[in-house]
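Fold the following for me, if possible:
(2 chains)
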Amino acid sequence: GENVEQHPSTLSVQEGDSAVIKCTYSDSASNYFPWYKQELGKRPQLIIDIRSNVGEKKDQRIAVTLNKTAKHFSLHITETQPEDSAVYFCAASNSLDSWGKLQFGAGTQVVVTP
Amino acid sequence: NAGVTQTPKFQVLKTGQSMTLQCAQDMNHNSMYWYRQDPGMGLRLIYYSASEGTTDKGEVPNGYNVSRLNKREFSLRLESAAPSQTSVYFCASSLGQGTGDWRYLLGGTQYFGPGTRLTVL
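Purely as a prediction, here's the structure:
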C-alpha cells in the first residue's frame, strides 16, 4: 500500500519568512495530493491540493509543487503570519482505484513567532 | 448545510464498556471514513465505506465495527473499549465513487467532522 513520509516534524519560523514542508510517497500510481491544516482542537481542513496532471499550484501565499519522477511534493507558505501556526498534513491517494482513500503523513507542527 | 457532523463531542468510558460514535453528512457524498488521531501519529484510517452498502477495513480496524446505515450516516462501534482506544476520532466524507474523468477530478477531497475526544479509563 501507499506510504507517505513528511518532514520536518516541527518547523519554527519568524513572521514574514517562508516555510517549506516536504513529503514523499511510495506508490507511483498515486495521483491526488491534498494538504490539510489543523489548528489546535479543530478538525483538519483542506487548504490546497494538486493532481498528477500538473506540477505546481498556487493560491495566494500558499503553493504546492509535485515531482512525479522523484515521488515527492512540497508545501510552500510565503510571508508567514501568526495565524499560519498549526499542524499541517500531507496526503496521497490513487483516486482511480482506492475510492478516495487517503494515506496521511505524520504531520508538521508549524510555529510562527512574531 | 451543516457538512459533516459527529456525536458525541466528548466521551469517557471504562474498560470493557461499549459505545457507538455517530457521523452524518448532508453533502450527498458517496464515500465516508473513520480515522483516529493520536499524538505524533497523524491520521490513521480505521474503516471506510466507498458507497452505501459497502464497508472495508483500513489501517487499524481491530477493536472496531462500522455500519453504513444509509447514504448519510456512518457509525463506529467499540464493543469492548480498551485504554489503547483513547484517541480523537474523526469522521470524513468525500464525493467518492464515479466514472472516468469525473471521478479523477472530484473523488479525492475529504471533508472532516469536528471530532470526538474519547478517553477510556
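
low pLDDT regions in chain A?
Within chain A, the ranges that satisfy pLDDT under 70 run A:95-100.

and the nearest residue to A:Y25 once chain neighbours are set aside, how many neighbours does it have?
Among residues not flanking A:Y25 along the chain, A:A92 sits closest, at 4.4 Å (Cβ to Cβ, 6 or more residues apart in numbering or on different chains). For the C-beta atoms, the positions are set from N, CA and C on the backbone; glycine is no exception. Applying other Cβ atoms under 10 Å in any protein chain shown, we find 27 residues neighbouring A:A92.

Secondary structure element holding A:A92?
For A:A92, the element it lies in under DSSP states H and E is strand A:86-92.

partners of that strand in the sheet?
Here strand A:86-92 has these sheet partners by DSSP bridges: strand A:32-38 (antiparallel), strand A:103-104 (antiparallel), strand A:108-113 (antiparallel).

Beta-bridge partners for the residue nearest to A:Y25, please?
Going by DSSP bridges, A:A92 forms beta bridges with A:Q103.

ok now do the nearest residue to A:D84 once chain neighbours are set aside, which residues does it touch?
Nearest non-adjacent residue to A:D84, counting by Cβ to Cβ, 6+ apart: A:V112, 5.1 Å away. Contact partners of A:V112, counting by Cβ atoms under 8 Å, 6 or more residues apart in numbering or on different chains, are A:V13, A:Q14, A:E15, A:A19, A:T80, A:Q81, A:P82, A:E83, A:D84, A:S85.

sorry, back to before: out of the strands paired with strand A:86-92, which is the most enclosed?
strand A:103-104 (a mean of 24; mean count of other Cβ atoms under 10 Å in any protein chain shown).

what does chain A put close to chain B?
A:6, A:9, A:31-32, A:34, A:42-46, A:49, A:51, A:89, A:93, A:95-96, A:99-102, A:104-107 (Cβ under 8 Å from any Cβ of the partner chain).

Among these, name the ones in strands.
Of the residues of chain A next to chain B, the ones assigned to strands by DSSP state E are A:Q6, A:Y32, A:P34, A:Q45, A:L46, A:D49, A:R51, A:F89, A:F104.

how near is A:A19 to chain B?
Distance of A:A19 to chain B, computed by Cβ to the nearest Cβ, to the nearest Å: 18 Å.

Would you confirm that that residue contacts A:V110?
Yes: under the criterion of Cβ atoms under 8 Å, A:A19 makes contact with A:V110 at 5.8 Å.

what do these two both touch?
Common contacts of A:A19 and A:V110, defined by Cβ under 8 Å, 6+ apart, comprise A:L11, A:V13, A:I77, A:T80, A:D84.

closest to B:E52 among the ones in strands among the residues of chain A next to chain B?
Comparing these against B:E52 with Cβ to Cβ picks out A:Y32 as the nearest, at 22.5 Å.

following the lowest-mean-pLDDT helix or strand in chain B, which helix or strand shows up next?
The weakest-scoring helix or strand in chain B, judged by mean pLDDT, DSSP states H and E, is helix B:100-106 (a mean of 50). Next helix or strand after helix B:100-106 toward the C-terminus (DSSP H and E): strand B:110-112.

Neighbours of residue 85, how many?
Since you didn't name a chain, this refers to chain A. A:S85 has 18 neighbours, counted by other Cβ under 10 Å.

look at chain B instead
When neighbours are counted by other Cβ under 10 Å, B:Q85 comes out with 19.

and what of A:A106?
17.

and the residue nearest the centre of chain B, what is it in contact with?
With distances taken as Cα atoms, centre = their mean, B:W34 lies nearest the centre of chain B, 2.0 Å away. By Cβ under 8 Å, 6+ apart, B:W34 lies in contact with B:21, B:23, B:45-48, B:58, B:64, B:66, B:74, B:76, B:89-92.
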